[in-house]
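Novice: got a sequence here, can you model it:
(one chain, ligands or ions: 1)
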Amino acid sequence: MPPLDPRLVRRSRGVRRLLGVSVVLGVGTAATVIAVAHVVSVVVARRFDGQPIAALPLVILVGLVVRAAVAWTHTTVAARAAAAVKADLRHEVVDDLLDPRRLGPRPSSAGVVTLLGPGLDAFDGYVGRFLPQIVLSALVPPAMLVAIGVTDVLSAVIIGVTLPMTVVFLVLVGLVTKDRVDRRWQALERVGRHFADVLDGLTVLKVFGRRQEDGLRQVGDRHRRESGRALRLAFLSSFVLDLFSTLAVALVAVSVGLRVVEGHLALGPGLFVLLLAPEAFAPIKRLGSLFHDSTEGAEATAGLLALLEHDRHNGTLAAPDLRRAEIVIDGVVVRHDGRAAPSLELSHHRVRPGEFVAVTGASGSGKSTLLALLMAFERPTAGYVLVDDVDLASIDPVAWREQIAWVPQVPGLVEGTIEDNVRLGDHAASGDDVRAALRDAGAGDLALTRPISESGTDVSAGERRRIAIARAILRVRSGAARLLLLDEPTAGLDAVREAAVLSTLRGLPVTVIVVAHRPETIGAADRELRLGRRLVDA
Ligand SMILES: Nc1ncnc2c1ncn2[C@@H]1O[C@H](COP(=O)(O)OP(=O)(O)OP(=O)(O)O)[C@@H](O)[C@H]1O
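Specialist: Okay, the predicted model is just below:
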């Protein structure tokens, strides 16, 4: 894990600006430190010789005020930059998750919430304090070394030998810490995931009488233990770094003191070196203590950038009209990361306009994956989906989906009334159109004005499906959708409602592809597309 992730610098203008400002302010800090040390050493030396010092104390005061102003400006600019970078990344991640061109699986909600919550909060330590300190550590110690070297070579040699050793120590601490930080971050993510899982499965857990206090306590304890270990390491390394730099400065002080007493070095230059020696170590010492504060932010940065790095649908061609276009699936294989077996294999299949096709196959044979492919949510690892000989991968996915109505296995509902949810299929539909769509979806018994809560827990699984089918029917009847994709739409419906839905679907003047297990649905279709290994269909 490099101290500064180059991907963050490339991606974020805020970070680049902060680094630029830090360079300017770092040079300013080095210049004021040297100037103040010079003036102080001259003042003390003159005073010692009994010479007048005139306005020099005022110059020292001005120098100290300038140094404090530079430090304050640096802190303020860095804090603002951290807030701006956090806001930018939050927007970027949310935009990316909503991007219709995003390909690949949806990340876990608990993982995203941990990254956008505590992960981004850790940016204050990483971007706001650690990154500016890296710049100061790169600029100030070399400047001090040069200033000391010009005045007293022996002191510069002592610092030149001990300073790199402090840096090596810091790198070693970083390497040891990497593993600890990984474990601590995993423990934090685990707390979030476990809690989300418990909330999701609360009903099942209650039914089986499984109490979760112990589980939650265990993941919480693990995070506490990992945090304790990380803190121990932070305190220990700060102590060693302090001790080391204090000894190095003491070495310089003894050497300078002896030579001043013996008359080999004048008091003024000796004092100048003594004032600058601690300043050469100070930025590295502070970097060491800020490092531990920054590790969580660095880990979150890596997580966020990984979230943003995925394939994108880059098709731009206009979508062929699905009222006339044929869809040909040709030698398609879909593989998912971490899975040895392909999720879908289909040698050849042709869907003609207006056909009603039932997709069947054992659980896990790739039926939902096929629908995801047709929705352009996924791209084949090998082979093509051709629409009138145009590769679906080169068609604009937004324009393509405008022609599709989709009923997934677990359809999404929004907070509002049943009418609001059905009307999502066609905002301009009349009340009668909405009622007719509900009736034809076997949901004529549902009141239009019945409220649906945000969680959607106040509708049954069957009601949820019927509302989604009504929404899709409305979309088809509005003329927008020319291809209807349904994933097990009649699961959980009684025989009467199932018959009503199937008769409606058969009557729709569009291509219908329906994932089906039940013989009634398969029987209603023109053809069955059975998924399995290396299946060839005409
Ligand atoms: N994003 C993914 N990452 C990894 N594996 C996946 C992903 N999506 C699907 N799979 C795997 O691909 C295989 C096919 O999944 P799919 O959901 O398409 O099957 P299915 O035929 O619809 O099953 P079911 O009838 O049970 O709904 C499964 O083994 C599944 O675990």
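Novice: state the pLDDT value of the residue of the stretch 151-300 of the chain found nearest the ligand.
Specialist: The ligand sits closest to residue 193 of the stretch 151-300 of the chain, with a gap of 16.9 Å, by Cβ to the nearest ligand atom. Placement of C-beta: from N, CA and C, glycine included. On the pLDDT scale, residue 193 is placed at 78.
Novice: how many other residues sit next to residue 56?
Specialist: 16 (other Cβ atoms under 10 Å).
Novice: no wait, residue 121
Specialist: 13.
Novice: circling back: so what secondary structure elements neighbour the helix or strand containing the residue of the stretch 151-300 of the chain closest to the ligand?
Specialist: Secondary structure from DSSP states H and E places residue 193 in helix 153-200. Packing contacts for helix 153-200, counted by 3 or more Cβ pairs under 8 Å, 6 or more residues apart in numbering; DSSP states H and E, involve helix 109-114, helix 131-151, helix 213-262, helix 267-308.
Novice: list the buried ones in the first one?
Specialist: Pointing back at helix 109-114 there. The neighbour-count check on helix 109-114 (16 or more other Cβ atoms under 10 Å) flags 110, 111, 112, 113, 114 as buried.
Novice: leaving out the residues flanking it, which one is nearest to the first one?
Specialist: Right, the one you point to is residue 110. residue 196 (3.8 Å; Cβ to Cβ, 6 or more residues apart in numbering).
Novice: what's around that neighbour, how many residues?
Specialist: Considering only other Cβ under 10 Å, residue 196 is surrounded by 16 other residues.
Novice: for it, what are its contacts?
Specialist: By Cβ atoms under 8 Å, 6 or more residues apart in numbering, residue 196 lies in contact with 108, 109, 110, 113.
Novice: got the residues of this protein near the ligand?
Specialist: By the rule Cβ under 6 Å from any ligand atom, the part of the chain lying against the ligand is 105, 336, 339, 343, 361, 363, 364, 365, 366, 367, 368, 369.
Novice: widest-spaced pair of those?
Specialist: 105 and 361 (20.8 Å; Cβ to Cβ).
Novice: so the two - more neighbours on which side?
Specialist: When neighbours are counted by other Cβ under 10 Å, residue 105 and residue 361 differ, and residue 361 comes out ahead with 19 against 11.
Novice: ok so residue 469 is a helix residue?
Specialist: Yes. With DSSP: H, G, I helix; E, B strand; the rest coil as the criterion, residue 469 is part of a helix.
Novice: what about the residue nearest to residue 110, distance to residue 190?
Specialist: 11 Å (Cβ to Cβ, to the nearest Å).
Novice: then residue 179?
Specialist: For residue 179 relative to residue 190 (Cβ to Cβ), the value is 16 Å.
Novice: residue 467 touches residue 411, doesn't it?
Specialist: Yes. Counting by Cβ atoms under 8 Å, residue 467 touches residue 411, with 7.3 Å between them.
Novice: so which of these two has more stuff around it?
Specialist: Neighbours per residue (other Cβ under 10 Å) separate residue 467 from residue 411, with residue 467 holding more: 27 against 21.
Novice: residues in contact with the residue nearest to that one when sequence neighbours are not counted?
Specialist: Using Cβ to Cβ, 6+ apart and skipping residues adjacent in sequence, the residue nearest residue 467 is residue 421, 5.4 Å away. Contact analysis of residue 421 by Cβ under 8 Å, 6+ apart lists 413, 414, 452, 467, 471.
Novice: most neighbours, which of those?
Specialist: residue 467 (27 neighbours).
Novice: could I get the pLDDT score of it?
Specialist: At residue 467, pLDDT is 94.
Novice: ok, it - contacts?
Specialist: With Cβ under 8 Å, 6+ apart, residue 467 has these contacts: 411, 413, 418, 421, 422, 438, 441, 443, 446, 459.
Novice: which one of those residues is nearest the ligand?
Specialist: residue 411 (14.4 Å).
Novice: thinking again about what came up before, between the contacts of residue 196, which is nearest the ligand?
Specialist: residue 108 (11.5 Å).
Novice: on that earlier part again, between residue 179 and residue 190, who's got more neighbours?
Specialist: The neighbour count for residue 179 versus residue 190, taken as other Cβ under 10 Å, is higher for residue 190 (17 against 9).
Novice: what about residue 104, which SS state?
Specialist: Applying three-state DSSP: residue 104 is coil.
Novice: residues near it, how many?
Specialist: 13.
Novice: surely it is in contact with residue 311?
Specialist: Yes. With contact defined as Cβ under 8 Å, residue 104 counts as touching residue 311 (6.1 Å).
Novice: buried ones from the residues of the chain next to the ligand, can you make that a PyMOL selection?
Specialist: Entered in PyMOL, the line below selects the buried ones among the residues of the chain next to the ligand, by 16+ other Cβ under 10 Å:
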select buried, resi 343+361+365+366+367+368+369
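Novice: can I get the residues of the chain next to the ligand in JSON lines including secondary structure and distance to residue 477?
Specialist: Formatted as JSON lines, the residues of the chain next to the ligand follow (DSSP: H, G, I helix; E, B strand; the rest coil; distance: Cβ to Cβ, whole Å):
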{"residue": "105", "secondary structure": "coil", "distance to residue 477": "33"}
{"residue": "336", "secondary structure": "coil", "distance to residue 477": "36"}
{"residue": "339", "secondary structure": "coil", "distance to residue 477": "39"}
{"residue": "343", "secondary structure": "coil", "distance to residue 477": "33"}
{"residue": "361", "secondary structure": "coil", "distance to residue 477": "30"}
{"residue": "363", "secondary structure": "coil", "distance to residue 477": "33"}
{"residue": "364", "secondary structure": "coil", "distance to residue 477": "34"}
{"residue": "365", "secondary structure": "coil", "distance to residue 477": "32"}
{"residue": "366", "secondary structure": "coil", "distance to residue 477": "31"}
{"residue": "367", "secondary structure": "helix", "distance to residue 477": "26"}
{"residue": "368", "secondary structure": "helix", "distance to residue 477": "26"}
{"residue": "369", "secondary structure": "helix", "distance to residue 477": "29"}
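Novice: pick out whichever of the contacts of residue 421 sits closest to residue 356.
Specialist: Closest approach to residue 356 among these (Cβ to Cβ): residue 471, at 19.3 Å.
Novice: what's near enough to touch the nearest residue to that closest one once chain neighbours are set aside?
Specialist: Among residues not flanking residue 471 along the chain, residue 425 sits closest, at 4.0 Å (Cβ to Cβ, 6+ apart). Residues in contact with residue 425, defined by Cβ under 8 Å, 6+ apart, are 405, 437, 470, 471, 472, 473, 474, 475, 478.
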